[in-house]
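Asks: turn this into a model:
(2 chains)
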Amino acid sequence: MLQAPVVAELVFPFKETNTVKIASFNINGIKARANALMTWLREAQPDVALLQEIKSLSENFPSDLFKDLGYNVAVNGQKSFNGVAILSKLPIEDIVTRLPGDSEDDQARWLEVTIVGNQAIRMCNLYLPNGNPTPGPKYDYKLSWMRRLHEKAKQLIDSEIPAFMAGDYNIIPQAEDAANIGAWEQDALFLPESRAEFRKILNLGFTDAFRAKHNSSGHYSFWDYQAGAWDRDDGIRIDHFLLTPQCADLLKNCQIDKHIRSREKPSDHVPIWIELDG
DNA sequence: ATGACAATCAGAGATTGA
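Replies: The predicted structure follows:
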């Protein structure tokens, strides 16, 4: 009698489909959004969730809620504002909490980790400064932050590894990424200088995952709470996944979970997610 | 030009966001 090969009995810690689902979600406050976030995690079942604007000290982030759902947790928080976190069903390694280039910058906007599934993927979770009002110190901070991001992006490209930088970029890349672009022409999210810095990063060789999979206009990731923006579908696409070539080669899918915006007590952003091979 | 709306910290209303 032939025996089954031993390899067939190995149990792998990832899904049978051999894809990894990674989502990015600006939750606009973990205290106000914990329940909605749990509901979405149970439904969407991301392997990794990159969260922005947790608006919480790291020690006050309710990590146990997510550990109970099977997630490892890494947090880079601060009091009241900003703050990023990563939930991962796969092991989290080599955590970095600062974007290089300015030792004086103490705003919690960066969380970089390695997630090891079939292969290691370097994942950078970012919350890029809004920059309004313009001109002024907040806009200067946004542009200098983007120049630091460009330096980091160059290093990722040079590393030739599967990696991405994802999160709330606070950048409307093109006119077709807004329902009413005229309202944004003087805004830090769409000013030519902002978009030029974004293009400089793309031009290093990054792929905008959403645009790799969708050509049409009318896809948004943010709708303002004010003036009935959601009811009028007056949105903008400002949450992005930028993939290195080695990561873009793994891209299977990219979608925006638009329906989340119509729920009770929603964030003003909705999740965007990718699926990668392996 | 302003506010509209929401979250946080604090315990009222200012600050921040986009």
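
Asks: contact partners of the longest helix along chain A?
Replies: Ranked by residue count under DSSP state H, the longest helix found in chain A is helix A:137-159. Counting by CB atoms under 8 Å, 6 or more residues apart in numbering, helix A:137-159 makes contact with A:99-102, A:105, A:109, A:122, A:124, A:126, A:128-133, A:163, A:165, A:170, A:188, A:193-194, A:197-198, A:200-201, A:204-206, A:242, A:244-245, all of which sit outside it. Just so you know, the C-beta spots here come from the backbone N, C-alpha and C atoms, and that holds for glycine as well.

Asks: which ones among these map onto strands?
Replies: In strands, defined here by DSSP state E, the members of the contacts of helix A:137-159 are A:122, A:124, A:126, A:163, A:165, A:242.

Asks: closest one of those to DNA strand B?
Replies: For the ones in strands among the contacts of helix A:137-159, the closest approach to DNA strand B (CB to the nearest atom of the strand) belongs to A:L126, at 11.8 Å.

Asks: isn't that closest one right next to A:T97, touching?
Replies: No: the pair A:L126 and A:T97 fails to qualify as a contact (CB atoms under 8 Å) at a distance of 11.6 Å.

Asks: quick check: residues of the stretch 51-200 of chain A near DNA strand B?
Replies: When proximity is defined as CB under 7 Å from any atom of the strand, the stretch 51-200 of chain A approaches DNA strand B at A:53, A:55-57, A:79-82, A:129-130, A:132-133, A:138, A:168, A:170, A:189.

Asks: among the residues you listed, the buried ones, what's the PyMOL command?
Replies: Selecting only the buried members of those in PyMOL, with burial defined as 16 or more other CB atoms under 10 Å, works like this:
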select buried, chain A and resi 53+55+56+82+129+130+168+170+189
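
Asks: and the residues of the stretch 51-200 of chain A next to DNA strand B, which of them are in helices?
Replies: The subset of those that ends up in helices is A:K138, with DSSP H as the criterion.

Asks: for the residue nearest in space to the middle of chain A, name its beta-bridge partners.
Replies: Here the mean C-alpha position of chain A is nearest to the C-alpha of A:G167 (CA atoms, centre = their mean), at a distance of 2.5 Å. On DSSP bridges, the residues paired with A:G167 through beta bridges are A:L126, A:H240.

Asks: okay, now A:W145: neighbour count?
Replies: When neighbours are defined as other CB atoms under 10 Å, A:W145 has 24 of them.

Asks: ugh, typo on my part, it should be A:R263
Replies: When neighbours are defined as other CB under 10 Å, A:R263 has 12 of them.

Asks: wait, it sits on A:A36?
Replies: Yes: the criterion here is CB under 8 Å, and A:R263 meets it with A:A36 at 6.3 Å.

Asks: skipping adjacent residues, who's closest to A:L251 in space?
Replies: If you skip the residues right next to it in sequence, A:L251 has A:A209 as its closest partner in space, 5.8 Å away by CB to CB, 6 or more residues apart in numbering.

Asks: show me the contacts for that neighbour.
Replies: Listed by CB under 8 Å, 6+ apart, the contact partners of A:A209 are A:164, A:240-243, A:248, A:251, A:254, A:274.

Asks: 6 Å instead, please
Replies: A:A209 makes contacts with A:241, A:243, A:251, A:254, A:274, as judged by CB atoms under 6 Å, 6 or more residues apart in numbering.
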